[in-house]
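[1] The amino acid sequence is not available; the structure is as follows:
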């Protein structure tokens, strides 16, 4: 059975290292050899330039001593002698040509046969020219006397020594490159193999964690990135172990939550029973008094009492239905309030004035300690909040009792300044076991007292919803046998603020728009 060929990490890294070494050695060799070739060319140019200047000086001197004769005639007469002199002076073979390109003389024992006509055309234009034939190099340069061209000088140079040096360097690079490549590949392979072995150990540690066998110590101890990775895997193992333990705890909490849900289901059933009972009670009273009206229609006192009681029960029923609908709408639909800058003191004074009649009838005195300030809220909602709080403080108070209303600014937990409103009473107080439930719908501390005063148990639930939907909060801060104190926090109005709408979605999250 033949399996598909698979190149592992060791093979890939080794191949990459080999290619990298070949690339580096090749680039280095090419650059160095190119530098050597360029240096040889530069040195030859400098040498030929010096020789050409020396030849120009020698020919010019000879020309000036011969008198005023045409350049061609001068070169034909003195060319052979000048070529020999220049050859001895430069140490190279020299050939001279006339202005029209004809042969004038040479320091060689025989006349050169190289085709230099193309090069002579360059020198005729005042330029240098090179001709390379194997290991031989011909350098041609124009000869001048001031601005008058006298002819062309040609130097014969051998490149055999330079080519041999270049070949030796190239051979040296081939040997050195092969050696470096072999040794570097061997060292790199051993290093890569060691790193891959470390990675294998880390992989085995990860597999061990995946099987639920958590690490008791790091699988690799190093002071590099792989050591940090090993430490990270070890810490991850500890975190997973802790998380698994936490999951078991969460499972237990989930079981407890299921129990709580069942309890909430029971509370829902109780809620339905409560609202049914609360609706049934005033309706029963209304029906009973309506029957009395039919039975004793000739009794004025009974008629007056029955009508008054029917009115009271109808008002109670209306209030119950209204608040229940308000709470239902808040829970089901997205609730929006139109916030604006509300001067709080006049609003609180108006709320006190509206509740003053009820306070007088219950023989309760309302005391206020109010300061100026503006909140960013819906004024109608703030009025609903205050009326409900004052109504509760009056209803659950004692005859001759007191209600204290005050407001002030203070920094909240998040560091922002807010407006604080407190309503305190000297009433019956709230038992400790009822503190966590006073904001629940239909919950009342004293059912008999609530029925006697027309309470529905929905006022504080409505207050909580209205406050939270405007970015505020409400809480019971003090209770006892001498009364209770509730605190409402609302956003202060900032100067220049734009109009903000506070909305609450179906999940109960409050946001501003």
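    The structure has been received and is ready for your questions. Treat the numbers as computed from the prediction; the structure is a model and nothing was measured. Numbering: from 1, shown residues only.

[2] neighbours around the residue nearest to residue 56 when sequence neighbours are not counted, how many?
    Leaving aside its sequence neighbours, residue 56 sits nearest to residue 143 (Cβ to Cβ, 6 or more residues apart in numbering; 5.6 Å). No exception for glycine: its C-beta is placed from N, CA and C like everyone else's. Residue neighbour count, defined by other Cβ atoms under 10 Å, stands at 24 for residue 143.

[3] Enumerate the beta-bridge partners assigned to residue 143.
    residue 151 (DSSP bridges).

[4] wait, it sits on residue 154?
    No - using Cβ atoms under 8 Å as the test, residue 143 is too far from residue 154 to be in contact (10.6 Å).

[5] quick one: the residue nearest to residue 56 and residue 116, what's the gap?
    From residue 143 across to residue 116, the span is 15 Å (Cβ to Cβ, to the nearest Å).

[6] for residue 99, same thing?
    Distance, residue 99 to residue 116, using Cβ to Cβ: 14 Å.

[7] For the helix or strand containing residue 286, name the packing helices and strands.
    Residue 286 belongs to helix 225-295 when assigned by DSSP states H and E. Judged by 3 or more Cβ pairs under 8 Å, 6 or more residues apart in numbering; DSSP states H and E, helix 225-295 is in contact with helix 160-210, helix 300-332.

[8] any chance of these in a markdown table, plus distance to residue 75, mean neighbour count and mean pLDDT?
    Shown next, in a markdown table, are those (distance: least, Cβ to Cβ, whole Å; neighbours: other Cβ atoms under 10 Å; pLDDT from 0 to 100):
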| stretch | distance to residue 75 | mean neighbour count | mean pLDDT |
| --- | --- | --- | --- |
| helix 160-210 | 31 | 13 | 80 |
| helix 300-332 | 118 | 15 | 66 |
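
[9] Serialize the ones you listed to JSON lines and add fields for distance to residue 465.
    Converted to JSON lines, the helices and strands packed on helix 225-295 look like this (distance: least, Cβ to Cβ, whole Å):
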{"stretch": "helix 160-210", "distance to residue 465": "49"}
{"stretch": "helix 300-332", "distance to residue 465": "5"}
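
[10] Nearest to residue 33, out of these?
    helix 160-210 (5.9 Å; Cβ to Cβ).

[11] ok, what's across the strand from residue 417?
    residue 411.

[12] wait, doesn't it sit right on residue 409?
    Yes - taking Cβ under 8 Å as the definition, residue 417 is a contact partner of residue 409 at 5.5 Å.

[13] who touches both of those two?
    Common contacts of residue 417 and residue 409 (Cβ atoms under 8 Å, 6 or more residues apart in numbering): residue 492.

[14] and residue 48, how far is that from residue 21?
    From residue 48 to residue 21 the distance is 40 Å (Cβ to Cβ).

[15] next one: residue 469
    72 Å.

[16] And residue 116, by the same measure?
    47 Å.

[17] Compare neighbour counts for those two and give me the winner.
    Neighbours per residue, other Cβ under 10 Å: of residue 116 and residue 21, the larger number sits with residue 116, 21 against 18.

[18] Can you read off the pLDDT for that one?
    In this prediction, residue 116 carries a pLDDT score of 80.

[19] Check the secondary structure at residue 489 for me.
    At residue 489 the chain is in strand, as set by DSSP: H, G, I helix; E, B strand; the rest coil.

[20] residues touching it, list them.
    Residues counted as contacts of residue 489 (Cβ under 8 Å, 6+ apart) are 412, 418, 419, 420, 421, 467, 472, 473, 474.

[21] Which strand residues bridge it?
    For residue 489, the beta-bridge partners under DSSP bridges are residue 420, residue 473.

[22] from what I can see residue 405 touches residue 359, true?
    No - Residue 405 is beyond contact range of residue 359, at 11.1 Å (criterion: Cβ under 8 Å).

[23] Now do the shared contacts for the two.
    residue 366.

[24] So for those two, which residue has more residues nearby?
    Under the neighbour definition other Cβ under 10 Å, residue 405 and residue 359 were set side by side, and residue 405 has more, 23 against 20.

[25] And the pLDDT for residue 99?
    The predicted local confidence for residue 99 is 85.

[26] And for the one 3 residues further on?
    The confidence metric pLDDT takes the value 84 at residue 102.

[27] give me every residue that touches it.
    72, 76.

[28] any idea how far residue 96 is from it?
    Shown here: residue 102 relative to residue 96, a distance of 10 Å by Cβ to Cβ.

[29] same deal with residue 209?
    Distance from residue 209 to residue 96, by Cβ to Cβ: 91 Å.
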